[in-house]
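Coordinates only, no sequence provided:
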């Protein structure tokens, strides 16, 4: 059932794709369904190109017949479709379980519109229960880990490296701090290259719950 909901959310978001668009492809299990849905539309004649936030998504898309361009040559993207580890009613999200949050944030910043797709397990009252991934220059691993510990985080070093050749520190907070303050503190820490707090990037979310897809638009939020 969870996979069915992931598929429904992905297909709803892919419905936004129009001829001639440059589409950003996120990373993760839910995005895989979006790539498959987009490939079906391409096979039916939809003319689009894509950029990817990870080697894995690029390989999946290319194998299914989607033209994937090198993002290094791209300044603007029309629409990005991505997943999330958690997302709340403010459209604040935690991302990065797949280790691609730095590239995901860059592509999101370049995008006219970013939509997040998810099953209901990812919808939360307020973000913060999930571990927060922080991409770190390997040279700065111990320093950044200490800074995170000073913010009352329990820190673990993830095995392997990102597509950028960097490390990921996973930070788990017993009491999640003010998200904007935390983002500012991380952004100001030398050696931190990126993190999984997405507070302003998401324009809409499609969440599927037991076969029913709900869309929430940032433009409709009050306050």
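Perfect, I can see it now. In this text, all values refer to a predicted model and were calculated from it rather than measured experimentally. Residues are numbered from 1 along each chain as shown.

Going along the chain, name the strands of the protein.
All strands of the chain, identified by DSSP state E, fall at 22-25, 49-52, 77-82, 86-87, 93-94, 111-119, 132-136, 153-157, 167-173, 192-195, 197-198, 204-209, 212-217.

Which strands and helices lie in contact with the second one?
When contacts are defined as 3 or more CB pairs under 8 Å, 6 or more residues apart in numbering; DSSP states H and E, strand 49-52 packs onto strand 22-25, helix 55-63. For the C-beta atoms, the positions are set from N, CA and C on the backbone; glycine is no exception.

list the buried ones in the shortest one?
The neighbour-count criterion (16 or more other CB atoms under 10 Å) identifies 22, 23, 24, 25 as the buried residues of strand 22-25.

What strands line up against it, and which way round?
Strand 22-25 has the following sheet partners, assigned by DSSP bridges: strand 49-52 (parallel), strand 77-82 (parallel).

Where does the prediction get shaky in the chain?
222-223 (pLDDT under 70).

In the record's domain split, what are the boundaries for it?
Domain assignment for the chain, taken from automatic domain parsing, gives 2-125+199-211, 132-195.

how long is the first one from one end to the other?
Counting by CA to CA, to the nearest Å, you get 9 Å between the two ends of domain 2-125+199-211.

quick one: it to chain centroid distance?
8 Å (CA atoms, centre = their mean, to the nearest Å).

Same check on stretch 181-196?
17 Å.

gap between the residue nearest to residue 174 when sequence neighbours are not counted and residue 172?
Excluding the flanking residues, the one nearest residue 174 by CB to CB, 6 or more residues apart in numbering is residue 152, at 6.7 Å. Computed as CB to CB, to the nearest Å, the residue 152 to residue 172 distance reads 10 Å.

need the buried residues of strand 22-25 in a markdown table with distance to residue 77, can you?
Formatted as a markdown table, the buried residues of strand 22-25 follow (distance: CB to CB, whole Å):
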| residue | distance to residue 77 |
| --- | --- |
| 22 | 5 |
| 23 | 7 |
| 24 | 5 |
| 25 | 10 |
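
Skipping its backbone neighbours, what lies nearest residue 176 in space?
residue 128 (2.8 Å).

pretty sure the one you found contacts residue 179?
Yes: contact criterion CB atoms under 8 Å: residue 128 and residue 179 qualify, at 7.5 Å.

Tell me where the longest helix sits in this structure.
Ranked by residue count and defined by DSSP state H, the top helix of the chain is helix 29-43.

what does that helix rub up against?
The contact list for helix 29-43 (CB atoms under 8 Å, 6 or more residues apart in numbering) reads 3, 6-7, 9-11, 13-14, 17, 23, 25-26, 46, 48, 50, 57, 60-61, 64-66, 81-83, 117-119.

In ChimeraX, how would I select just the buried ones from the residues you listed?
In ChimeraX, the members of these classed as buried (16+ other CB under 10 Å) are selected with the following command:
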select :6,7,9,10,11,13,14,17,23,25,26,46,48,50,57,60,61,66,81,82,83,117,118,119
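
Nearest to residue 102 among the strands of the chain would be which one?
strand 192-195 (3.2 Å; CB to CB).

strands paired with the closest one, and their directions?
Strand 192-195 has these strand partners (DSSP bridges): strand 132-136 (antiparallel).

residues making contact with the partner strand?
94-97, 99, 101-102, 144, 148, 153, 158, 162, 164, 166-173, 182, 186, 191-197.

Can you tell me which of those are classed as buried?
Using 16+ other CB under 10 Å, the buried ones in the contacts of strand 132-136 are 94-97, 99, 101-102, 144, 148, 153, 158, 162, 166-171, 173, 182, 186, 191-197.
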